[in-house]
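> Build me a model:
(one chain, ligands or ions: 1)
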Amino acid sequence: MTTPAVPAPAANGRAPLLSLFSLGKDYATPVLDDVSLALQPGEVLALTGENGAGKSTLSKIICGLVQPTRGHMLLGEVPFHPGSRRNAEHVGVRMVMQELGLVSTLSVAENLLLERLPQRAGWLKRAELHALAVQQLAKIGMQGIDPAMPVAQLGIGQQQMVEIARNLQDDTRVLVLDEPTAMLTSRETSHLFEQIALLKARGVGVIYVSHRLEELQRIADRVAVLRDGRLVDVRPMAGVREAELVQRMVGRAVQEHGNRARRAAGPALLRARGLGRAQVVRDVDLDLHAGEIMGLAGLVGSGRTELVRLLFGADRADRGEITLYAGAAAPPGQVEPPTRRVAGNWRSPMQAIRAGIGLVTEDRKSQGLLLPQSIRVNATVSDLGAVSRAGWLQMAKERRITRRLVDTLRIRSQSGEQVVSTLSGGNQQKVVFARWLHRECKVLLLDEPTRGVDVGARADLYAELDRMTDAGKALLMVSSDLRELMIMCDRIGVMRAGRLVAVFERGHWSDQSLLAAAFGDAGVRPLPSPSSSAPTPAVQS
Ligand SMILES: Nc1ncnc2c1ncn2[C@@H]1O[C@H](COP(=O)(O)OP(=O)(O)OP(=O)(O)O)[C@@H](O)[C@H]1O
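Predicted coordinates for the structure are as follows:
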């Protein structure tokens, strides 16, 4: 085996901080091959590539979580084969993983300082622990969090910030961040970027894995592109065009989804009136029409996810009414609901599913997937009736359906039998989505459906959403990505403090107006009261 050259030392003569030589990893098939790369002190190296390209595998090898099949590494000039995460951390090589690594039953402070809990004679010094935790959280702009609170009570974005704070130690030399902002607000992202700038100044090397190309442009010095487990490009970030990068990642040009075309709204399929739960969702009136995509924007904690959970029966509303109407058979342009009410106010998700409501969840790990099961089981589990006869599962039919879904969504896998926990994060997200492509539903609720999904796959998912609305389904899409909402939606509702405070139709929104509504600035048009007007059809102006 020849040892490929690692890029020369930096101009200042310092040796690379970390050097990778011909790294490779095989599972049933090779997933990483011949990766040679060097990280310089104080450098932010972006790592990007399609879902399943091998980014997390490479990151985990560097941080001792996965053992390479081939190749070797140097940390400075010393051979580096950590063998475990603990060993890697011991020499200052740390990783913020895509899946949160927090212990949900422990407090915020205990999670933050797990490895160096302040003790005296075997007793935990709780006051000191909490003071240290508050300091650590303040570094990344997290104020007002009770360090004694169990971490499970934090929102998913806040948990991610705790995970980041945990890895910002003084002894950190190399920090790998795998999709760190997927669950963060723009404010939290800014705090993270400030920290990255400080790390750079201290000479820490940062490997930053992300699909968000605009973020890479903001913080990376160089970008490395992985495709099918191989390094296909490494270049300075300055001057790199997004389209160029996408082409390198995907190996083909990706057609950007243009703004959604004008279409006439069908009848209302779902209507909510005065819907509420405690203080988190308050008096929400909402109509979803056949053939439309309605977006839901708002800050984290504004009640978007909670509203979706009420509509799906995952939580019980304590006031208000949900009504689902039958069929989408009314002529185009008819906006009044058909008169036949089929269901409402579910007692469980199962009831909602039976009535024709689906949910692509925000938290695919704990709410969306059966991780130890195959793609086939996960994709077909929501509608076993369609793959069984007289109570017997028809495996051949299941396999056929699975193959079609895997092809349609380009789920990168060895076969439909591959266990979902061994898929890459973005491919797991596609499996959550596949479930609802398989099952007939009238109304599909989507909570951050493209989180962690690469640009090519994102275009595929958008095309599927268009097809669903062409078939008369009604879609409600929560997204923190305003650009995504503005491209995909016919209407965008904005939530603030549990209320739906504004609804904008296509052609009547801008980033500023959406943000102003989300933050509560003056000048935002309030929602007309439902009693005063018929539901607003989604019509592009
Ligand atoms: N334990 C495992 N067993 C079998 N295959 C695995 C295992 N872990 C990862 N893989 C496979 O390795 C490939 C690379 O996965 P990896 O998670 O590194 O991709 P990624 O580039 O990080 O993708 P994403 O952008 O979706 O996070 C995938 O095809 C995945 O299915």
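> so how many other residues sit close to Ser59?
A count of nearby residues for Ser59, using other CB atoms under 10 Å, gives 22. Any C-beta I mention is one placed from the backbone N, CA and C, and that applies to glycine too.
> low-confidence ranges in this structure?
1-14, 115-125, 262, 327-345, 362-368, 382-385, 387-388, 390-391, 521-541 (pLDDT under 70).
> Spell out which residues of it are next to the ligand.
Contact residues, the chain versus the ligand (CB under 6 Å from any ligand atom): 27, 31, 49, 51-57, 412, 422-427, 454.
> Any of these buried? List them.
Buried by 16 or more other CB atoms under 10 Å: 31, 49, 51-57, 412, 423-427, 454, out of the residues of the chain next to the ligand.
> Now go through those residues and say which are in strands.
31, 49 (DSSP state E).
> residue closest to the middle of the protein?
By CA atoms, centre = their mean, the chain has its centre lying nearest to Arg451, at 2.6 Å.
> From Ala396, how far off is the residue lying closest to it once chain neighbours are set aside?
Spatially, and ignoring its direct neighbours in sequence, Arg451 is nearest to Ala182 (5.2 Å; CB to CB, 6 or more residues apart in numbering). To Ala396, Ala182 is 37 Å away according to CB to CB, to the nearest Å.
> quick one: the helices in the stretch 401-541 of the chain?
Using DSSP state H, counting those that start in this stretch, the helices of the stretch 401-541 of the chain run over residues 425-438, 455-470, 482-488, 511-519.
> now the angle from the first one to helix 455-470?
Using axes from the mean of the first three to the mean of the last three CA atoms, to 10 degrees, the direction of helix 425-438 lies 20 degrees away from that of helix 455-470.
> which helices and strands does helix 425-438 pack with?
Packing partners of helix 425-438 (3 or more CB pairs under 8 Å, 6 or more residues apart in numbering; DSSP states H and E): strand 357-360, helix 375-380, helix 395-408, helix 455-470.
> Neighbouring strands - and their directions - for the shortest one?
What that stands for is strand 357-360. Sheet pairing of strand 357-360 (DSSP bridges) gives strand 443-447 (parallel).
> Give me the contact list for the partner strand.
Residues from elsewhere that reach strand 443-447 (CB atoms under 8 Å, 6 or more residues apart in numbering): 269-270, 288, 304-305, 308, 311-312, 324, 356-362, 436, 465, 468, 473-478.
> May I have that strand as PDB, with CA atoms only?
Extracted C-alpha coordinates of strand 443-447, given in PDB (Å, rounded to 0.1, in the frame of the first residue of the first chain):
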ATOM      1  CA  VAL A 443     -53.800  15.300   5.800                       C
ATOM      2  CA  LEU A 444     -50.100  15.100   6.300                       C
ATOM      3  CA  LEU A 445     -48.400  17.000   9.100                       C
ATOM      4  CA  LEU A 446     -44.700  17.600   8.600                       C
ATOM      5  CA  ASP A 447     -42.500  18.800  11.500                       C
END
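> Can you give the distance of that strand from its chain's centre?
Here strand 443-447 is found 15 Å from its chain centre; the criterion is CA atoms, centre = their mean, to the nearest Å.
> and what of stretch 138-157?
20 Å.
> residue ranges of the strands in the stretch 201-350 of the chain, please?
205-209, 222-227, 230-236, 268-277, 281-289, 293-298, 319-325, 341-343 (DSSP state E, counting those that start in this stretch).
> Please produce CSV containing the helices and strands packed on helix 425-438, extended by mean neighbour count.
Formatted as CSV, the helices and strands packed on helix 425-438 follow (neighbours: other CB atoms under 10 Å):
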stretch, mean neighbour count
strand 357-360, 26
helix 375-380, 25
helix 395-408, 16
helix 455-470, 18
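> for stretch 142-161, how far is the first residue from the last?
8 Å (CA to CA, to the nearest Å).
> In it, which residues are buried?
Applying 16+ other CB under 10 Å to stretch 142-161 flags 142, 145, 147, 151, 154, 156-161 as buried.
> Same check on stretch 200-217?
200, 204-213, 215-217.
> Ends of that stretch, what's the gap?
Stretch 200-217: ends 16 Å apart by CA to CA.
> Can we start the residue count at 33 from this point?
Yep, numbering from 33; the last one is stretch 232-249 now.
> for the residue of the stretch 283-432 of the chain found nearest the ligand, what are its contacts?
Residue nearest to the ligand within the stretch 283-432 of the chain: Ile407 (10.3 Å; CB to the nearest ligand atom). Shown in contact with Ile407 (CB under 8 Å, 6+ apart): 434, 437-438, 443, 445, 448-450, 452, 455, 463, 466.
> what would these look like in CSV with distance to Gly352?
Shown next, in CSV, are the contacts of Ile407 (distance: CB to CB, whole Å):
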residue, distance to Gly352
Thr434, 39
Leu437, 35
Val438, 40
Ile443, 38
Ser445, 42
Gly448, 41
Glu449, 44
Gln450, 42
Val452, 36
Leu455, 38
Val463, 33
Ala466, 32
